[in-house]
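Enquirer: Predicted model and sequence below, questions to follow.
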Amino acid sequence: MNIPTAAALEPVIKDFLVSNTPYYFFKKLRSSSVPSTLSGSSAPAELGTLFEALTSKKDKSASEAALAYACIFALAQMDHPEARSTLQAIPVHRLDWGIDLRTICLAKLTPEVRQRIEIGEFPLAMTPHLPLASTSNAHILPIRIEQRPG
Amino acid sequence: MPDSHWLIGGAPRPPSLILQSRRSRWILNHQIQDISAYEANLFPKYKDEYPDAGIRSDPDPLYNCHGMTFASRRTGIHDPAMLHLILEDDNYSEVAPKDVLPGDVIIYFSNDGDLEHSGIVVSGPGPLMVPLVCSKWGKYCEVVHLANRCPYSYERPVFYRVKP
């Protein structure tokens, strides 16, 4: 597991401190590399354990809270069968916006995962040109489908 | 009021108030209770980054910018859908930037149409058409600042006033 450095986490903490709504913070997380660092280097169970450790204390630091929120985002964007069940199982209510952020992530990030799954279900005669996996709605690349010759 | 206001998925939510629009529609809200010592230690960074901003209150997590603007500092309004409801039910009408007066509401929209921040105009626009506003920055303080000098995007500011 690659836990982001304090320097990498600082912009997330700053965004967290001035966020007025969970959705605003979600958008900031979406443009941050921190969730991708977590999801790219960890198994869902590891993220669940990290979240549990970060949120078990009552007096969480801002960095612990920001990292815990990033874990929620990371789990939601993972294209892994265990990620969704882990996301449902972790105690997100320990964070003020945990439930809201999980709801937003599931609503906003799920369609892209589904899109990638659907790409794999095209008939064999068709070759999809896969988009780069992106968690940002603003960066979905168009999909081009071509008929295989013969 | 729906039970989900207090209980979602069996988990307790932060306390909330009974809050309604002019047309008696429920406005979901939450009172966040704590600021950790670490958060408090980070707040002075904003004084360094925005030295010309005037701090007019102590940090208070109980309400956010929208709670300051639309709920008299009693609670936080965290769902953007509630803000659209308030604008509609409370008869807010858009005001041209050149006609802005103290007491008008400023809402910061992002380029993709999301409502990101709100505040109250303190003085009308100066020569550069930028008014002075008072707004609450997350869990931080209420701040008096030029509308374009804050942590939030000034891509699409829109001004509103309640019309009878």
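Expert: Thanks, I have the structure now.

Enquirer: SS state for the closest residue to chain B within chain A?
Expert: Here the residue of chain A nearest chain B is A:His93; by CB to the nearest CB that distance is 3.3 Å. Every residue, glycine included, has its C-beta placed from N, CA and C. Three-state secondary structure (criterion: DSSP: H, G, I helix; E, B strand; the rest coil) places A:His93 in helix.

Enquirer: wouldn't it be in contact with A:Asp100 here?
Expert: No. A:His93 is beyond contact range of A:Asp100, at 10.4 Å (criterion: CB atoms under 8 Å).

Enquirer: So which of those two has more stuff around it?
Expert: Just comparing A:His93 and A:Asp100: by other CB atoms under 10 Å in any protein chain shown the higher neighbour count belongs to A:Asp100, 21 against 17.

Enquirer: give me every residue that touches that one.
Expert: Contacts for A:Asp100 (CB atoms under 8 Å, 6 or more residues apart in numbering or on different chains) come out as A:Pro22, A:Tyr23, B:His78, B:Asp79.

Enquirer: Can you tell me which of those residues is nearest B:Leu128?
Expert: Among these, A:Tyr23 lies closest to B:Leu128 (CB to CB), at 30.3 Å.

Enquirer: Okay, and the closest one sits in which element?
Expert: Per DSSP states H and E, A:Tyr23 falls inside helix A:22-30.

Enquirer: now that helix: how far from the chain's centre is it?
Expert: Computed by CA atoms, centre = their mean, to the nearest Å, the separation of helix A:22-30 from the middle of its chain amounts to 11 Å.

Enquirer: May I have the helix or strand following that helix as CSV, with CA atoms only?
Expert: Toward the C-terminal end, the helix or strand that comes next after helix A:22-30 (DSSP H and E) is helix A:34-41. Taking C-alpha atoms only, helix A:34-41 is exported to CSV below (Å, rounded to 0.1, in the frame of the first residue of the first chain):
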residue,chain,number,x,y,z
VAL,A,34,-4.5,11.0,-3.7
PRO,A,35,-7.5,8.6,-4.3
SER,A,36,-5.8,7.1,-7.3
THR,A,37,-2.6,6.7,-5.4
LEU,A,38,-4.6,4.7,-2.8
SER,A,39,-6.7,2.7,-5.2
GLY,A,40,-3.7,1.9,-7.5
SER,A,41,-1.6,0.5,-4.7
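
Enquirer: Which residues of chain B lie near chain A?
Expert: Neighbours of chain A within chain B, by CB under 8 Å from any CB of the partner chain: B:8-9, B:11-14, B:30, B:32, B:34, B:36-39, B:42-43, B:45-46, B:64-66, B:76, B:78-80, B:110, B:112, B:114, B:116-118, B:136-140, B:151-152.

Enquirer: just the buried members of those?
Expert: Neighbour counting with 16 or more other CB atoms under 10 Å in any protein chain shown marks B:13-14, B:30, B:32, B:36, B:39, B:42-43, B:46, B:64-66, B:76, B:78-80, B:114, B:116-118, B:136-140, B:151-152 as buried within the residues of chain B next to chain A.

Enquirer: Next, the residues that contact the helix holding A:Tyr23 from outside, please.
Expert: Contacts with helix A:22-30, where a contact means CB under 8 Å, 6+ apart, come from A:12, A:15-16, A:19, A:35, A:69-70, A:73, A:97, A:100-101, A:104-105, A:108, A:135-137, B:78-80, B:110, B:114, B:116-117.

Enquirer: interface residues of chain A facing chain B?
Expert: A:13-14, A:16-24, A:27, A:59-63, A:65, A:91-93, A:96-97, A:99-100, A:138.

Enquirer: If we use 6 Å, what do you get?
Expert: Counting by CB under 6 Å from any CB of the partner chain, the positions of chain A adjacent to chain B are A:17-24, A:59, A:61-62, A:93, A:96, A:99.

Enquirer: Spit out the contact partners of the residue positioned nearest the centre of chain B.
Expert: By CA atoms, centre = their mean, chain B has its centre lying nearest to B:Cys65, at 2.3 Å. The neighbours of B:Cys65, taking CB atoms under 6 Å, 6 or more residues apart in numbering or on different chains as the test, are A:Asn20, B:His117, B:Ser118, B:Ser135, B:Lys136.
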